[in-house]
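**Student:** the following block contains a protein sequence and its predicted model.
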Amino acid sequence: SMRAFLELLAFFLALVSTAFLIVATWSDCWMVDADLSLEFSDSCRGLWWECVTHNFEGVTTCEDYDSIYAEHSLRLVATRTLIIIADILAGFGFIFLLLGLDCIKFLKNEPDIKLRICYVAGFTLLLGAVPGMTASVWYAVSIYVERSTLFFQNVFLGIQYQLGWSCWLGMAGAMGCALAGTLLTCCMYFFKDVGSRQNVSAYNYHSRTRSRDRTKSRKSSTTTYSYTKTETAKMYAIDTRV
Amino acid sequence: MANSGFQLLGYFLALGGWIGIISTTALPQWKQSSYAGDAIITAVGLYEGLWMSCASQSTGQVQCKVFDSLLSLDVHIQTCRALMVVSVLMGFIAIIVSVVGMKCTKVGDNNPITKGRIAVSGGVLFLLAGLCTLVSVSWYATQVSHQFFNPNTPVNARYEFGSALFVGWAAASLTMLGGSFLCCSCPNEERRGQQYYRQSQPSTAREPNVKSSPPDKGEQYL
């Protein structure tokens, strides 16, 4: 059905983008050195440490930043905080989504509660996309501003940085989370009735047996009712059909 | 049939073990320089993994270098690499296979015996992945201790077990434990199927009743 398809799509999106966000947090290339005069080495800076790779020898030297209590730039602290919040929210959204998936037999008696779990998961993912996006876009914009001010002041000394792959990864992860959240909330809301509409008529003339068989899930109701019908119930059903 | 919770427990144990296997493969601390013996005061700590060797300075800098040549490496490092990569791949396949086979998913719901067998094959794959990791880590550990006690090795150049080895042992045992939990869903289930078969033999005499009653799980097997 449409709902199961949407859920699976959102599940894989959420899986990939949560992984992207976590990798972006711990990888070391948020900005990469753009100075062509140092052509023998690549210098990358992450949120937690900084690495220089020498191209010919293949030696990578990494150094941690100062202690977490030392003074850091506002950009670094804010990016760290926001991206960790995004990681946590996306992770929780993913776990909620796992419980709400149609093909997982958790709370299979209450499809409405499962639908609501999906909404909550989508909302959490959307909520996680906001700080992730803010962090990576803010980082990118501030690097760009820093670089262009140096350029306009004709300062070519020192190392200038441009965006590294971790920052792009963070943006992609946040975008994926936003997309999965949208799929789970808006699209699921629009397609809420599509899967169950064909069973509405079956519900109407089985009002007597419905209370007994409430435990059956709504989707498989047509098949299960055909098994549980006794002869009298069948007659009753035929009599009351409008 | 082993109940759904037991299967889930096994699955998550094995999943945790698989993540441990991945981090073992990537970590560079398979062996680290030993400070045993005379008081050796050095400013540099050396450690070595499957892919690179590192030197950590007392100033907080860490220098790593990827091994240069693939073919001139020691045989045991190459074998350990191969085993670890194989076990990561097998764990990945096992994760997908066991999701299909577990009772808590709706995939292939109308054929519980096949589903149980799929779960068992996922468990077997997890067991094999854990076994590969165990062999690789233990072999590396044997090599390290062999070199440590070799009298020809200079005292300054001796290495000890690194943290990745212990992570690897833990990950291997977790994966194997989870895999064996998943394997538990096999024999009970087949027995129960046979039980139903035996019980349903005399009940064929009451055919009209049987027809109107909802079909049991056991009768679907027939």
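**Tutor:** Structure received.
**Student:** what ranges in the chain fall below the confidence cut-off?
**Tutor:** In the absence of a named chain, this looks at chain A. For chain A, the stretches with pLDDT under 70 are A:34-39, A:155-159, A:194-242.
**Student:** should've been chain B
**Tutor:** Short version for chain B, where the test is pLDDT under 70: B:1-2, B:37-41, B:186-222.
**Student:** got the residues of it near chain A?
**Tutor:** Contacts of chain B with chain A, taken as Cβ under 8 Å from any Cβ of the partner chain, map to B:4, B:60-66, B:68, B:103-107, B:212, B:214-215. Quick note: C-beta positions are derived from backbone N, CA and C, even for glycine.
**Student:** next, the nearest residue to B:Ile77 once chain neighbours are set aside: secondary structure please.
**Tutor:** Counting by Cβ to Cβ, 6 or more residues apart in numbering or on different chains, B:Ile77 lies nearest to B:Leu50, which is 6.1 Å off, once chain neighbours are set aside. Secondary structure state of B:Leu50, per DSSP: H, G, I helix; E, B strand; the rest coil, is coil.
**Student:** what's the burial count for B:Leu50?
**Tutor:** B:Leu50 has 22 neighbours, counted by other Cβ atoms under 10 Å in any protein chain shown.
**Student:** for the one 10 residues further on, same thing?
**Tutor:** With neighbours defined by other Cβ under 10 Å, the count for B:Gly60 comes to 12.
**Student:** what are the phi and psi values at it?
**Tutor:** Phi and psi for B:Gly60, reported as degrees, to the nearest 10, are phi 100, psi 0.
**Student:** isn't it up against A:Glu63?
**Tutor:** Yes. Counting by Cβ atoms under 8 Å, A:Glu63 is a contact partner of B:Gly60 at 6.1 Å.
**Student:** which secondary structure elements does the helix or strand encompassing A:Tyr119 contact?
**Tutor:** Taking DSSP states H and E as the criterion, A:Tyr119 maps to helix A:111-152. Applying 3 or more Cβ pairs under 8 Å, 6 or more residues apart in numbering or on different chains; DSSP states H and E, we find helix A:111-152 packed against helix A:2-26, helix A:74-100, strand A:161-163, helix A:165-182, helix A:188-190.
**Student:** switch the cut-off to 10 Å
**Tutor:** Using 3 or more Cβ pairs under 10 Å, 6 or more residues apart in numbering or on different chains; DSSP states H and E, the elements in contact with helix A:111-152 are helix A:2-26, strand A:31-33, helix A:74-100, strand A:161-163, helix A:165-182, helix A:188-190.
**Student:** turn the ones you listed into a markdown table, including mean neighbour count.
**Tutor:** Formatted as a markdown table, the helices and strands packed on helix A:111-152 follow (neighbours: other Cβ atoms under 10 Å in any protein chain shown):
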| stretch | mean neighbour count |
| --- | --- |
| helix A:2-26 | 20 |
| strand A:31-33 | 20 |
| helix A:74-100 | 19 |
| strand A:161-163 | 17 |
| helix A:165-182 | 23 |
| helix A:188-190 | 14 |
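**Student:** TSV for these, including distance to B:Ile95?
**Tutor:** Converted to TSV, the helices and strands packed on helix A:111-152 look like this (distance: least, Cβ to Cβ, whole Å):
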stretch	distance to B:Ile95
helix A:2-26	12
strand A:31-33	34
helix A:74-100	13
strand A:161-163	34
helix A:165-182	20
helix A:188-190	26
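**Student:** out of those, flag the one nearest chain B.
**Tutor:** helix A:2-26 (9.1 Å; Cβ to the nearest Cβ).
**Student:** run the chain-centre distance for the closest one.
**Tutor:** Mean-position distance between helix A:2-26 and its chain equals 5 Å (Cα atoms, centre = their mean, to the nearest Å).
**Student:** list the contacts of the spatially most central residue of chain A.
**Tutor:** With distances taken as Cα atoms, centre = their mean, A:Cys177 lies nearest the centre of chain A, 3.0 Å away. A:Cys177 makes contact with A:13-14, A:16-18, A:20-21, A:86, A:89-90, A:93-94, A:122, A:124-130, A:132-133, according to Cβ atoms under 10 Å, 6 or more residues apart in numbering or on different chains.
**Student:** list residues touching both of B:Gly60 and A:Glu63?
**Tutor:** When Cβ under 10 Å, 6+ apart defines a contact, the residues bordering B:Gly60 and A:Glu63 alike are A:Trp49.
**Student:** returning to what we had before: how about the residue nearest to the centre of chain A: what's its closest non-neighbour residue?
**Tutor:** Nearest to A:Cys177 is A:Ala129, by Cβ to Cβ, 6+ apart, at 4.0 Å.
**Student:** the one you found: neighbour count?
**Tutor:** Residues near A:Ala129, counting by other Cβ under 10 Å: 26.
**Student:** in this structure it contacts A:Leu184, no?
**Tutor:** No. A:Ala129 is beyond contact range of A:Leu184, at 11.9 Å (criterion: Cβ atoms under 10 Å).
**Student:** common neighbours of those two, please.
**Tutor:** In contact with both A:Ala129 and A:Leu184: A:Gly93, using Cβ under 10 Å, 6+ apart.
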